[in-house]
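A.B. asks: quick one, fold the following:
(one chain, ligands or ions: 4)
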Amino acid sequence: MLKNILLLNKPAENQSAYDYHLGLLRRDTVVKPVIFVGAGTCGMIAGAGKTLNAIHNYLHEKNIDAEVVEVGCIGLCTHEPLVDVQLPGKRRISFSNITENRVESLLDEILNSVIPDEQVLGQYSHPHHEAWEQVKLLAEIPFFRLQNRMVIKNCGIINPFSIDEYIARGGYKSLTRVLRNYSAEKVCEIVEESGLRGRGGGGYPTGRKWKYALNTPDEERFMICNGDESDPGAFMDRAMFEGDPHRVIEGLAIASYAINAKRAYIYVRAEYTLAVTRLKHAIQQAEKAGLLGHNILNSGYNLTIQVREGAGAFVCGEETALISSIEGKRGTPRPKPPFPALRGLFGKPTIVNNVETLANIPAILDHGPAWFSSIGTARSKGTKVFALAGKISIIGLVEVSMGTTLKDLIYHIAGGVKNGKRIKAVQLGGPSGSCLPEQSLDVEIDYESLLEAGTIMGSGGLVVMDEDTCMVDIAKFFTDFLQRESCGKCIPCREGSRRMHEILENITRRPLNESGFETLERFKGVMQLGNLAEVIRDTSLCGLGQTAPNPLISALKYFREEFEEHIFDRKCRAGVCKDLRLYYIDVEKCTGCTACAKKCPTTAIIGSPRNPHFIIEDKCIGCGICFDVCKFVAVFVK
Ligand SMILES: Cc1cc2nc3c(=O)[nH]c(=O)nc-3n(C[C@H](O)[C@H](O)[C@H](O)COP(=O)(O)O)c2cc1C
Ligand code: SF4
Ligand code: SF4
Ligand code: SF4
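C.D. replies: Ligands and ions are numbered 1, 2, ... in the order given. Next comes the predicted model:
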């Protein structure tokens, strides 16, 4: 019924019954209490599963008739498990950190219209619902106020298992309009005119890319949604799949139509089990509703979408490796050109698009290209979703207009750094990206501005580091990740990234009994680090190798003195590099109990029973065992 009336403009047989049904789906009307639980992966990790059980038990024991709805992540991962309650006639109100032990007291109060003293986040605004007194609007808290939520606007709000809720909020309207009114060429033109650029990191104009595939003569074409997302710290795709899967499916269906593809794939890493389940369920629903499959909405257009699960290899996010993986081959990149738009999956013209790119498409077709291009900067249109991680007050998911400064994003939306510490650096773009020091955070979020500032937009991973972070350790972490993820096809990437990691390992370790020759070799490695990085960048086949030196080069550029301290003074100012820590014994506190000497793996501690002990610096490897075993707090670190 809903599909016919909303999408196909058929008159309702009983208008008032229809309006009432629509009101229920949009939650304009609720006839009994509705309890929403943030049940995305972040919520589940924080204990939402137990919270859900506790809610069901509570309702059962007290014989209360209420609806319990599992929603995706609204972005406030730090505050999970999140529970919202909407009582008939009243506004939906949101509570944070509702672990299972807090369920009873929360429901005892809120179901009796009493607001608990703690854990109230805010209330949703609604013109016809009675407001809760002295509860601020969610939209007014800084985390939401400065965002522009277009792509993730339904995440955490609607039931991701309900296609009807998505349709009731305007979903599948754009697909219907496209199939009924536009040619494939027209859709490509609209998207090109909007200025949308690929959100997978490269920023290539989406409409232009589609046109290449559409204009390549062939009988068959393929469309692929790239949800590999294997870079550490990124979870944008996961949140969109889990919180609003139909938006991605609608975007993918429109993109498929635009390039005249009859088969499309969503490539998701298999570890995203919740995302895979919700996507498969949503595809089935769309097929059942006639929005996918044969002769969609009587348009003559056929489309099937399949979910393909990848094994979580970072390199499989690279489009040619991803294509090989779908073909059932080993996921390794191949040289480009030919680009996939000309010869891709099974040798046919293929477009690979990022999840966020596709999630933008329904709104562009709904509101028009001029609307979209009015948001953002001259060169970067629309919004960008970021997954915030690291030493930041709010770890979560945000969406801001292009042109917002990194400073606003970090300080005003995400609440700055934890414990009032200073930011040392911000890493954008994951392992392929670069870090920026605090003084560069005035830069606007815009593809070119970020490049000029020395970093990249990336796909949305943003890691904040504070003064307790060691930049050498960070460079080592990313280099280690890349050497393990290199597919090994080309030598500069395979061997070069391994060598880069070895050099960084060497400078974060206190060499024991090192010969003069070994010391010389170690210094030689350090001196050659810059050259090595250049060779890897210039001679690797794919983006993984070409960008592998980025984290190291940027850390060297902005934090050179930290590298020098590690190399020359054997000192890690942040105290992170365990092997460089120096341990001492306070003779005033040491009772001579001998516990440390017995446990020291290198016999670096000397002393006789009941007399103060000492550490021989040259023999100490900084393992910290003495620090842990001393009951008299006599061991300290410098
Ligand atoms: C090592 C590597 C990993 C990548 N991982 C992803 C990924 O997880 N998701 C993604 O959309 N693009 C990823 N890309 C970029 C894709 O190759 C491709 O450019 C992108 O999916 C195109 O989509 P867009 O035009 O919508 O940005 C990766 C590239 C490289 C080199
Ligand atoms: S650059 Fe690295 S990941 Fe890319 S093809 Fe070569 S070895 Fe494989
Ligand atoms: S364990 Fe502590 S008190 Fe005992 S000998 Fe070692 S430093 Fe001294
Ligand atoms: S840090 Fe480890 S190696 Fe050094 S003195 Fe203590 S126990 Fe021994």
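
A.B. asks: which part of the stretch 151-300 of the chain gets nearest to ligand 1, residue-wise?
C.D. replies: Among the residues of the stretch 151-300 of the chain, residue 198 lies closest to ligand 1, at 2.3 Å counting by Cβ to the nearest ligand atom. Placement of C-beta: from N, CA and C, glycine included.

A.B. asks: pretty sure that residue contacts residue 357?
C.D. replies: Yes - counting by Cβ atoms under 8 Å, residue 198 touches residue 357, with 5.1 Å between them.

A.B. asks: which one's more surrounded, those two?
C.D. replies: A count of neighbours by other Cβ atoms under 10 Å puts residue 357 above the other of residue 198 and residue 357, at 25 against 19.

A.B. asks: does that one sit in a helix or strand, and which one?
C.D. replies: Secondary structure from DSSP states H and E places residue 357 in helix 355-367.

A.B. asks: ditto for residue 397
C.D. replies: Going by DSSP H and E, residue 397 is in strand 396-401.

A.B. asks: mind saving the C-alpha coords of that strand as CSV?
C.D. replies: Extracted C-alpha coordinates of strand 396-401, given in CSV (Å, rounded to 0.1, in the frame of the first residue of the first chain):
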residue,chain,number,x,y,z
GLY,A,396,31.9,8.5,17.1
LEU,A,397,30.5,9.3,13.7
VAL,A,398,29.9,12.8,12.4
GLU,A,399,28.9,14.4,9.2
VAL,A,400,29.8,18.0,8.4
SER,A,401,29.5,20.3,5.4
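
A.B. asks: what sits up against it?
C.D. replies: Defining contact as Cβ atoms under 8 Å, 6 or more residues apart in numbering, one finds that strand 396-401 is touched by 42, 73, 75-78, 143, 146-152, 155, 235-236, 239, 375-376, 382-388, 408-409, 413-414, 445.

A.B. asks: OK, contacts around residue 187?
C.D. replies: Contacts of residue 187 (Cβ under 8 Å, 6+ apart): 178, 210, 254, 257-258, 365.

A.B. asks: please apply the same query to residue 212.
C.D. replies: Contacts of residue 212 by Cβ under 8 Å, 6+ apart are 339, 341-342, 349.

A.B. asks: now with 6 Å, please.
C.D. replies: Contact analysis of residue 212 by Cβ atoms under 6 Å, 6 or more residues apart in numbering lists residue 341.

A.B. asks: and it, how far from residue 188?
C.D. replies: Between residue 212 and residue 188 the distance is 10 Å, computed by Cβ to Cβ, to the nearest Å.

A.B. asks: around ligand 1, pick out the residues from this structure.
C.D. replies: 198-202, 204, 226, 228-230, 314-315, 317-319, 352-354, 357, 459, 542-544 (Cβ under 6 Å from any ligand atom).

A.B. asks: ok, and which of those reach ligand 2?
C.D. replies: Among those, ligand 2 is touched by 315, 542, 544 when using Cβ under 6 Å from any ligand atom.

A.B. asks: what sits against the residue minimising distance to the centre of the chain?
C.D. replies: Compute the mean C-alpha point of the chain, and by Cα atoms, centre = their mean the closest residue is residue 235, 2.4 Å away. By Cβ under 6 Å, 6+ apart, residue 235 lies in contact with residue 387.

A.B. asks: what separates it from residue 143, distance-wise?
C.D. replies: Distance check for residue 235 against residue 143: by Cβ to Cβ, it reads 17 Å.

A.B. asks: which one of the contacts of residue 187 has the most neighbours?
C.D. replies: residue 258 leads those on contacts (other Cβ under 10 Å) with 29 neighbours.

A.B. asks: count of neighbours near residue 595?
C.D. replies: With other Cβ under 10 Å as criterion, residue 595 counts 17.

A.B. asks: what does the one 3 residues further on give?
C.D. replies: Here the count is done by other Cβ under 10 Å, and residue 598 has 10 residues near it.

A.B. asks: only alpha carbons, please: show the strand or helix carrying it as PDB.
C.D. replies: Counting by DSSP H and E, the element that carries residue 598 is helix 595-599. The C-alpha trace of helix 595-599 is given here as PDB (Å, rounded to 0.1, in the frame of the first residue of the first chain):
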ATOM      1  CA  ALA A 595      61.900  -9.700  44.400                       C
ATOM      2  CA  CYS A 596      62.900  -7.600  41.400                       C
ATOM      3  CA  ALA A 597      66.300  -9.100  41.100                       C
ATOM      4  CA  LYS A 598      64.800 -12.600  41.000                       C
ATOM      5  CA  LYS A 599      62.400 -11.700  38.200                       C
END
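
A.B. asks: paired strands for the helix or strand following that helix, with orientation please.
C.D. replies: Going down the chain from helix 595-599, the next helix or strand is strand 605-606, by DSSP H and E. Its sheet considered, strand 605-606 pairs with strand 614-615 (antiparallel) by DSSP bridges.

A.B. asks: and the partner strand, anywhere near ligand 4?
C.D. replies: Yes - for strand 614-615, a contact with ligand 4 is found by Cβ under 6 Å from any ligand atom, at residue 615.

A.B. asks: how distant is that strand from the center of its chain?
C.D. replies: Its chain's C-alpha centre lies 47 Å from the corresponding centre of strand 614-615 when counted by Cα atoms, centre = their mean, to the nearest Å.

A.B. asks: find the nearest non-adjacent residue to residue 125, please.
C.D. replies: residue 137 (5.3 Å; Cβ to Cβ, 6 or more residues apart in numbering).

A.B. asks: neighbours of the one you found, how many?
C.D. replies: 14.

A.B. asks: and if you look at residue 579?
C.D. replies: Using other Cβ under 10 Å: residue 579 sits among 17 other residues.

A.B. asks: can you tell me how far the closest residue to it other than its chain neighbours is from ligand 2?
C.D. replies: Leaving aside its chain neighbours, residue 579 sits nearest to residue 509 (4.3 Å; criterion: Cβ to Cβ, 6+ apart). Between residue 509 and ligand 2 the distance is 26 Å, computed by Cβ to the nearest ligand atom, to the nearest Å.

A.B. asks: residue 403 too?
C.D. replies: 33 Å.

A.B. asks: quick one: that residue is in a helix?
C.D. replies: No - assigned with DSSP: H, G, I helix; E, B strand; the rest coil, residue 403 falls outside any helix and is coil.

A.B. asks: skip the chain neighbours and tell me the closest residue to it.
C.D. replies: residue 377 (4.3 Å).

A.B. asks: I'd assumed residue 402 was in contact with the one you found.
C.D. replies: Yes - counting by Cβ atoms under 6 Å, residue 377 touches residue 402, with 5.2 Å between them.

A.B. asks: the two: which is more packed in?
C.D. replies: residue 402 (23 against 18).

A.B. asks: buried set for stretch 400-412?
C.D. replies: Neighbour-count burial for stretch 400-412 flags 400-411 (criterion: 16 or more other Cβ atoms under 10 Å).

A.B. asks: ok, now stretch 458-471?
C.D. replies: Neighbour-count burial for stretch 458-471 [16+ other Cβ under 10 Å]: 458-466, 468-471.

A.B. asks: same thing with stretch 227-237?
C.D. replies: In stretch 227-237, counting by 16+ other Cβ under 10 Å, buried: 227-231, 233-237.

A.B. asks: where are the low-confidence patches of the chain?
C.D. replies: Across the chain, the ranges flagged by pLDDT under 70 are 1, 512-513.

A.B. asks: spit out the residues that contact residue 377 and residue 402 alike.
C.D. replies: residue 446.

A.B. asks: before we move on, back to that, so which of the residues of the chain next to ligand 1 belong to strands?
C.D. replies: 226, 352-354 (DSSP state E).

A.B. asks: for residue 171, list the residues it contacts.
C.D. replies: Contacts of residue 171 (Cβ under 6 Å, 6+ apart): residue 246.
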